[in-house]
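Enquirer: A structural model of the following input is requested.
(one chain, ligands or ions: 2)
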Amino acid sequence: MVDLELGGETPAEATDGVWLACVACGETVAPYDDVVYRCPDCDGLLEVRYDEYPTFDDFEGVGVWRYADALPLNEGVSIREGNTPLYTVPEIEADVDVADVRVKHEGMNPTGAFKDRGMTVGVKVAERLGVDRLACASTGNTSAALACYGARADTEVLVLLPAGKVAAGKVAQAALHGARILEVEGNFDACLDVVAELAARGEAYLLNSINPFRLEGQKTIGLEILEQSKRETGEWPDRIVLPVGNAGNTAALYKCFRELVEAGAMAEDEMPALTGVQAEGAAPMVEAVREGREEVRRWEEVETRATAIRIGNPVNAPKALPGVRATGGTAVAVSDDEITDAQRALARDGVGVEPASAASVAGLTKLRREGEIDDDEQVVCLTTGHLLKDPDAAAAAGGDTTPVPADADGVLDVL
Ligand SMILES: Cc1ncc(COP(=O)(O)O)c(C=O)c1O
Ligand SMILES: N[C@@H](CCOP(=O)(O)O)C(=O)O
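Expert: Ligands and ions are numbered 1, 2, ... in the order given. Next comes the predicted model:
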């Protein structure tokens, strides 16, 4: 069972109205006394809790730190993350025949992915804890963001990547920002096992999404979607469709909604339906949702062109699965070809994304075809990473180049 109830008494462990609580057994833990990732009693996942939850009236400014009242600290290690666009996508909207489809493009963050929202918080907490080495396992984007924010904080960064399975743009980012890059003979889940063990031995501070502070930053995706949707359409969306890998965003969005409900700023039946999309070759969350299970079964073998979500053991599943259920959402698996088709469709609407991001639109298309989504819905698809993250995939999905001589007549001959 999971205990996701907010509110109640502030425990003695709280510092500045903030504490950690185990979602499995309810144990409370002081936030900044020791480095802790899991419940010391039962090994369950931890989440950040507050003595007070803000409403929309409490927010001011722009970007992630507009939402400081919903975050554990008042400021972060920041390079101006968040405030990403919510695009209309007229061609996709017409193709899927849904009343309103918008795309929240998280690829427009400073390092080109949503991870920056988590790192601006997580790296600041690391500073407060006084750690001297940051680490993560990564399919690419987490490592790029951690390398960048670690550089900004002048702290050593170690990243473990599955050898040969990370897109070129992401490795280049981690390298240029000065991270120590270790290529592991194994998939992402194996990398996470190793780095979690290093963290448990005190060798590094872990900044994957198992870190509860990182997910606080990612909550702001939900707050921005709600505010932008209300401003641009007068309504909150009925549904948010998102790619799922380690299930951090699903967990963070659900926490965002729960906090708004606790603050009295949202009714429970107003929570947008969280709709997760995975690649067919890496779909343990979809399997768990379909089978009504509380936990995922780890997939040892995973494969997909969408390398960012090539993940077989989503660590945040115990937080994310209740979110899918409680919001009336669902989960669906899509093929690599469906992902590439969606990447092309987004590109035709002027939105350049990496393959994993396009999974959201592929999922919407499939669920519409299967009659699981109604035509009168207002839907937001989350696109999580920029096109340039994976230049090889973009080139393969795009058109061919044509060689021409260096004169106008020669060029006109081929047109
Ligand atoms: C581009 C991209 N999209 C989606 C995901 C999946 O997000 P989550 O792990 O929060 O489910 C990731 C990483 O996991 C990613 O890098
Ligand atoms: N896609 C991720 C996988 C790791 O997820 P995390 O959110 O737990 O850090 C990546 O970019 O590495």
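
Enquirer: residue 362 touches residue 338, doesn't it?
Expert: Yes. With contact defined as CB atoms under 8 Å, residue 362 reaches residue 338; the gap is 4.3 Å. Yep, even glycine has a C-beta here, placed from its N, CA and C like the rest.

Enquirer: the more surrounded of these two?
Expert: When residue 362 and residue 338 are compared for neighbours, residue 362 comes out ahead with 30 against 20, by other CB atoms under 10 Å.

Enquirer: roughly how far does that one sit from ligand 1?
Expert: According to CB to the nearest ligand atom, to the nearest Å, residue 362 stands 13 Å off from ligand 1.

Enquirer: residue 84 now?
Expert: For residue 84 relative to ligand 1 (CB to the nearest ligand atom), the value is 13 Å.

Enquirer: that residue: neighbour count?
Expert: Per other CB under 10 Å, the neighbour tally for residue 84 reads 22.

Enquirer: with adjacent residues omitted, what lies nearest to it?
Expert: residue 108 (4.5 Å; CB to CB, 6 or more residues apart in numbering).

Enquirer: before we move on, what about residue 204?
Expert: According to CB to CB, 6+ apart, the nearest residue to residue 204 is residue 135 (3.6 Å).

Enquirer: my read is that the one you found contacts residue 199, right?
Expert: Yes. With contact defined as CB under 8 Å, residue 135 reaches residue 199; the gap is 6.6 Å.

Enquirer: so what sits against both of those two?
Expert: Common neighbours of residue 135 and residue 199, counting by CB atoms under 8 Å, 6 or more residues apart in numbering, are 205, 206.

Enquirer: in the stretch 101-250 of the chain, which residue sits closest to ligand 1?
Expert: Minimum separation of the stretch 101-250 of the chain from ligand 1 (CB to the nearest ligand atom) falls at residue 245, amounting to 2.9 Å.

Enquirer: and the closest residue to that residue other than its chain neighbours, what's its pLDDT?
Expert: Of all residues not flanking residue 245 in the chain, residue 309 sits nearest, at 3.9 Å (CB to CB, 6+ apart). With respect to pLDDT, residue 309 scores 98.

Enquirer: ok, residue 309 - how many residues close by?
Expert: Residue 309 has 27 neighbouring residues, counting by other CB under 10 Å.

Enquirer: and if you look at residue 66?
Expert: By the measure other CB under 10 Å, the count of residues near residue 66 is 18.
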